[in-house]
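Trainee: predicted model follows, preceded by the sequence.
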Amino acid sequence: MTHPDFTILYVDNPPASTEFYKVLLGVDPVESSPTFSLFVLANGMKLGLWSRHTVEPKASQTGGGGELAFRVENDAKVDETFAGWKARGVAMLQQPAKMEFGYTFTATDPDSHRLRVYAFAG
């Protein structure tokens, strides 16, 4: 069975988005050019940032059509992450809130890609 391990986000300005995610993720990209950057995270996931102006075939949709989700250990870590991101100027869509699956908040990156931080209820 094939399992996805790589997410690519189409971005307007790859160098600016690279800097945003470098700070957000706390890691440097393993590859970076004017049109593409690649992050390899400790859990093995790969995150690519590709210029929406050069991707082939052309993308019909950019940010906002899905979410990049970050699971954290507990509700306190959700609050801590929210405070840290907000202090860095990350745009917030949703304040921390209890939802049926757990405790969560939602933010956006510079291209309006939704970023959800959550802790499972349970």
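Mentor: In hand now; what should we look at?
Trainee: strands along this structure, start to end?
Mentor: Secondary structure of the chain (DSSP state E): strands at 6-11, 31-32, 36-40, 46-51, 67-71, 91-99, 102-108, 114-120.
Trainee: now these in CSV, with distance to Trp85, mean pLDDT and mean neighbour count?
Mentor: (Glycine included, C-beta is placed from N, CA and C.) As requested, the strands of the chain are exported to CSV (distance: least, CB to CB, whole Å; pLDDT from 0 to 100; neighbours: other CB atoms under 10 Å):
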stretch, distance to Trp85, mean pLDDT, mean neighbour count
strand 6-11, 17, 93, 18
strand 31-32, 22, 96, 14
strand 36-40, 17, 97, 19
strand 46-51, 16, 96, 19
strand 67-71, 10, 92, 14
strand 91-99, 8, 97, 12
strand 102-108, 6, 96, 19
strand 114-120, 8, 94, 19
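Trainee: redo the ones you listed as CSV? Include distance to Val23.
Mentor: As requested, the strands of the chain are arranged in CSV below (distance: least, CB to CB, whole Å):
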stretch, distance to Val23
strand 6-11, 15
strand 31-32, 14
strand 36-40, 12
strand 46-51, 13
strand 67-71, 14
strand 91-99, 14
strand 102-108, 13
strand 114-120, 13
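Trainee: for Gln61, find the nearest of the ones you listed.
Mentor: strand 6-11 (8.2 Å; CB to CB).
Trainee: what residues does the closest one touch?
Mentor: Strand 6-11 is contacted from outside by 17, 45-52, 55, 59, 62-63, 68, 109-111, 113, using CB atoms under 8 Å, 6 or more residues apart in numbering.
Trainee: before we move on, back to that, closest to Asp79 out of the strands of the chain?
Mentor: Between the strands of the chain, strand 91-99 lies closest to Asp79; by CB to CB that is 5.7 Å.
Trainee: between the closest one and strand 102-108, how big is the angle?
Mentor: Calculated by axes from the mean of the first three to the mean of the last three CA atoms, to 10 degrees, strand 91-99 forms an angle of 170 degrees with strand 102-108.
Trainee: for strand 91-99, packing partners?
Mentor: With contacts defined as 3 or more CB pairs under 8 Å, 6 or more residues apart in numbering; DSSP states H and E, strand 91-99 has these neighbours: helix 75-87, strand 102-108.
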